[in-house]
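**Student:** Show me the folded form of this:
(one chain, ligands or ions: 1)
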Amino acid sequence: MPTALVTGPTAGIGRAFAEKLALEGYDLVLVARDEARLKEVAADITRQHGVECEVLAADLTEPDALARVEQRFQSGPIEVLVNNAGFGNKKPFWANPVEVEEKQLDLLVRVVLRLTHAAVLPMIERGSGAVINVSSVSGYLQRNVYSAHKAWVTSFSAGLAAELHSKGVAVMALAPGFVHTEFHDRMEMDKSVIPSFLWLNAEDLVDEAWQDLMRGKPVSVPSRRYKLIVAATRFIPRTLITRVSTIGLDGRRSR
Ligand SMILES: NC(=O)c1ccc[n+]([C@@H]2O[C@H](COP(=O)([O-])OP(=O)(O)OC[C@H]3O[C@@H](n4cnc5c(N)ncnc54)[C@H](OP(=O)(O)O)[C@@H]3O)[C@@H](O)[C@H]2O)c1
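**Tutor:** Numbering: from 1, shown residues only. I've put the predicted structure just below:
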């Protein structure tokens, strides 16, 4: 059986990816901080889909833990990497301790860069493999620091996709809009300010993303409504995008 490694598979989008990959016949390597929860998810998935699940408890923002996960790409072939683990900050940049901002930069950017690097070298040698980097529609907006990190993920992944296409390795950025997961509860955001039609379901999102990967797309923006929003960002003046996209953020007001 081929093997896939998913970061952040204990909740939300990562959990949906773990289920989808198991359904597609992949054994799994599951990476997150909460070991007890990882083991529960692993047992659940093995029971439902009959695939093997390996658990790697790691805080990816800790260099030693990240190194352990990087080593996993050497110890046995990983055909699919899903760089998904992430978190948001409710407070604006200046109101957070700089260490909190650095942790977010590490998880959303540095970890994505390092794990992609560890994954693609053996994939290039084998001439096959895929990397999905979970980005965000926020990357097309000027919402906050998070937008900047996700803009990097999309740009990095699309560029790498073009470079690796001829080597048999697929790279895709997945840019979701608002998805029902634990993400907004963890950052204590008031979800009621987001209109209900903007919310996506994690399972549908992952199904569409998987189809886009199979079609060789470098960037996947699931759902018609978010495709329209992303298309509109190419024509709307940046100042207006900033005004609209900062609505609902703590400590800021649409001007
Ligand atoms: N939900 C949305 O509306 C939305 C929209 C666009 C993009 N995204 C992106 O989608 C990705 C997944 O988000 P989600 O909404 O599914 O979030 P979620 O439900 O909060 O799940 C986050 C996952 O990441 C893991 N994680 C968090 N910090 C970690 C760390 N330091 N080291 C290792 N694992 C860590 C968590 O497990 P532990 O706590 O056990 O570590 C959990 O499994 C993120 O990159 C996010 O930016 C989400």
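
**Student:** residues from the stretch 101-250 of the chain in reach of the ligand?
**Tutor:** For the stretch 101-250 of the chain, the contact set with the ligand under C-beta under 6 Å from any ligand atom comprises Leu107, Val134, Ser136, Pro176, Phe178, Val179, Thr181, Glu182, Phe183, Arg186. The C-beta positions use only the backbone N, C-alpha and C, and glycine is treated the same way.

**Student:** Could I have the buried ones of those as PyMOL selection syntax?
**Tutor:** Of those, the buried ones go into a single PyMOL selection, burial set by 16 or more other C-beta atoms under 10 Å:
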select buried, resi 107+134+136+176+178+179+181+183
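
**Student:** Distance of Val51 relative to Ala202?
**Tutor:** Per C-beta to C-beta, to the nearest Å, Val51 is found 19 Å from Ala202.

**Student:** returning to that earlier point: tell me which two of the residues of the stretch 101-250 of the chain next to the ligand sit farthest apart.
**Tutor:** Within these, Leu107 and Phe178 form the most distant pair, 19.6 Å apart (C-beta to C-beta).

**Student:** want to throw the residues of the stretch 101-250 of the chain next to the ligand into JSON lines with secondary structure and pLDDT?
**Tutor:** Shown next, in JSON lines, are those (DSSP: H, G, I helix; E, B strand; the rest coil; pLDDT from 0 to 100):
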{"residue": "Leu107", "secondary structure": "helix", "pLDDT": "98"}
{"residue": "Val134", "secondary structure": "strand", "pLDDT": "99"}
{"residue": "Ser136", "secondary structure": "coil", "pLDDT": "98"}
{"residue": "Pro176", "secondary structure": "coil", "pLDDT": "98"}
{"residue": "Phe178", "secondary structure": "strand", "pLDDT": "96"}
{"residue": "Val179", "secondary structure": "strand", "pLDDT": "97"}
{"residue": "Thr181", "secondary structure": "coil", "pLDDT": "97"}
{"residue": "Glu182", "secondary structure": "coil", "pLDDT": "97"}
{"residue": "Phe183", "secondary structure": "helix", "pLDDT": "97"}
{"residue": "Arg186", "secondary structure": "helix", "pLDDT": "96"}
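
**Student:** of all the residues of the stretch 101-250 of the chain next to the ligand, which comes closest to Ala119?
**Tutor:** Nearest to Ala119 among these: Val134, at 14.3 Å, using C-beta to C-beta.

**Student:** need the contact list for that closest one.
**Tutor:** With contact set as C-beta atoms under 8 Å, 6 or more residues apart in numbering, Val134 has these partners: Ile13, Gly14, Val82, Asn83, Asn84, Gly86, Val153, Leu174, Pro176.

**Student:** Tell me the bridge partners for it.
**Tutor:** Beta-bridge pairing for Val134 (DSSP bridges): Leu174.

**Student:** Regarding Val55, which helix or strand does it belong to?
**Tutor:** Using DSSP states H and E, Val55 sits within strand 53-57.

**Student:** What helices and strands are in contact with that strand?
**Tutor:** Helices and strands touching strand 53-57, by 3 or more C-beta pairs under 8 Å, 6 or more residues apart in numbering; DSSP states H and E, are strand 27-32, helix 35-49, helix 63-75.

**Student:** Point out the most buried one among those.
**Tutor:** Ranked by mean neighbour count under mean count of other C-beta atoms under 10 Å, these are led by strand 27-32, which reaches a mean of 25.

**Student:** For the closest residue in space to Thr46 that isn't next to it in sequence, list the residues it contacts.
**Tutor:** With C-beta to C-beta, 6 or more residues apart in numbering as the criterion, Thr46 has its nearest non-adjacent residue at 5.3 Å, and that residue is Cys53. Applying C-beta under 8 Å, 6+ apart to Cys53 gives the contacts Ala22, Asp27, Leu28, Val29, Leu30, Val41, Ala42, Ala43, Ile45, Thr46.

**Student:** Read off the pLDDT value for Cys53.
**Tutor:** According to the prediction, Cys53 has pLDDT 98.

**Student:** any idea how far it lies from Ile236?
**Tutor:** Using C-beta to C-beta, we find Cys53 at a distance of 44 Å from Ile236.
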